[in-house]
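**Student:** Sequence and predicted structure below; questions after.
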Amino acid sequence: MYLEIEGKNYVIHLKTDIDTVYMRKVENDIVHLNVPALFPQENLIHYIQKELPKVIRKKSKKLVFEVHELNIFGRNYPIKLRVDETSYLKNNILYTHPKFLSTKSSIEKLKDSLLLNFLNDSMSMLEEELNIILPEINLKNLKTKYSSICHNKQHITYAKALKEKSKDFITYVVILTVGKFLRYSEDQIYFLLNKHVSDWRHCERIYKYEQQ
């Protein structure tokens, strides 16, 4: 059952084995509620308007939160807390749960996750454009390179250090790596770089300097 109250959407899961309302999850800004099957609708609306905001605030404050922005991809992103445990970048804002910012280790894992998401999006973009299937990717702490290729195992590995680079530079590395994996000519690779990287010559200079 769906409800829309004051411009917000709610999914109501009716249950016969509970006697009180509780929040199940928040997904894509839609709140899912477990509700007793015989719970009066007017009481449910009152709960959503008066009690649910308190529940959401309480969940958001369970962990001590002192980080107000996150440096990744060569810039700082302001942070907006979420109740559910999904993290993503949208309109230059990082949406995430406080638990992913509670320790230095959890912050690094969050950065790795955001990097992997960006890499997968870049790979998917190339798959669609080139009409091919590219191999699975993973992240590692590579010592000197930003990527490595294994043709025998059909696998590409990217360096975790890329999370400190700009999105343009990461896209440059992805196109260069995919081009090498597919054994493309320089002209084919340059065509993709011209199309997807605003100043790929600058990225190339940085890449060659750092890979010496």
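**Tutor:** Looks like it arrived, so ask away.
**Student:** Quick one: low-confidence residue ranges for the protein.
**Tutor:** 28, 59-67 (pLDDT under 70).
**Student:** quick one, strands of it?
**Tutor:** 2-5, 8-15, 22-27, 30-36, 69-72, 75-81, 88-90, 93-96, 136-140, 147-150, 155-159 (DSSP state E).
**Student:** This structure - how does it break down into domains?
**Tutor:** 2-60, 104-210 (automatic domain parsing).
**Student:** Which residue, neighbours along the chain excluded, lies closest to the residue positioned nearest the centre of the chain?
**Tutor:** For the chain, the residue nearest the mean C-alpha position is Y88 (3.6 Å; C-alpha atoms, centre = their mean). Leaving aside its sequence neighbours, Y88 sits nearest to Y95 (C-beta to C-beta, 6 or more residues apart in numbering; 5.6 Å). For every residue, glycine as well, the C-beta is placed using N, CA and C.
**Student:** Could you count how many residues lie near the one you found?
**Tutor:** Applying other C-beta atoms under 10 Å, we find 17 residues neighbouring Y95.
**Student:** ok, it to E108 distance?
**Tutor:** According to C-beta to C-beta, to the nearest Å, Y95 and E108 sit 18 Å apart.
**Student:** And for F181?
**Tutor:** Separation of F181 from E108 (C-beta to C-beta) stands at 27 Å.
**Student:** Between these two, point out the one with more neighbours.
**Tutor:** Applying other C-beta under 10 Å to F181 and E108 shows that F181 carries more neighbours, namely 17 against 12.
**Student:** Next one: the residue lying closest to L182 once chain neighbours are set aside from M123, what distance?
**Tutor:** Excluding its sequence neighbours, the residue lying closest to L182 (C-beta to C-beta, 6+ apart) is I132, at 7.4 Å. Applying C-beta to C-beta, the value for I132 to M123 is 10 Å.
**Student:** Between those two, which is the more surrounded one?
**Tutor:** Of the pair I132 and M123, M123 is the one with more neighbours under other C-beta under 10 Å, namely 19 against 10.
**Student:** Next, the buried residues of the helix ranked longest in the chain.
**Tutor:** In terms of residue count, the longest helix belonging to the chain (DSSP state H) is helix 104-130. For helix 104-130, burial by neighbour count (16 or more other C-beta atoms under 10 Å) applies to I107, L110, K111, S113, L114, L115, L116, F118, L119, S122, M123, L126.
**Student:** Of all the strands of the chain, which one is nearest Q49?
**Tutor:** strand 2-5 (6.8 Å; C-beta to C-beta).
**Student:** List the neighbouring strands of that closest one plus their orientation.
**Tutor:** Its sheet considered, strand 2-5 pairs with strand 8-15 (antiparallel) by DSSP bridges.
**Student:** buried stuff in the partner strand?
**Tutor:** Y10, I12, K15.
**Student:** check contacts around the second one.
**Tutor:** Going by C-beta atoms under 8 Å, 6 or more residues apart in numbering, I12 touches M1, Y2, L3, L33, V35, L44.
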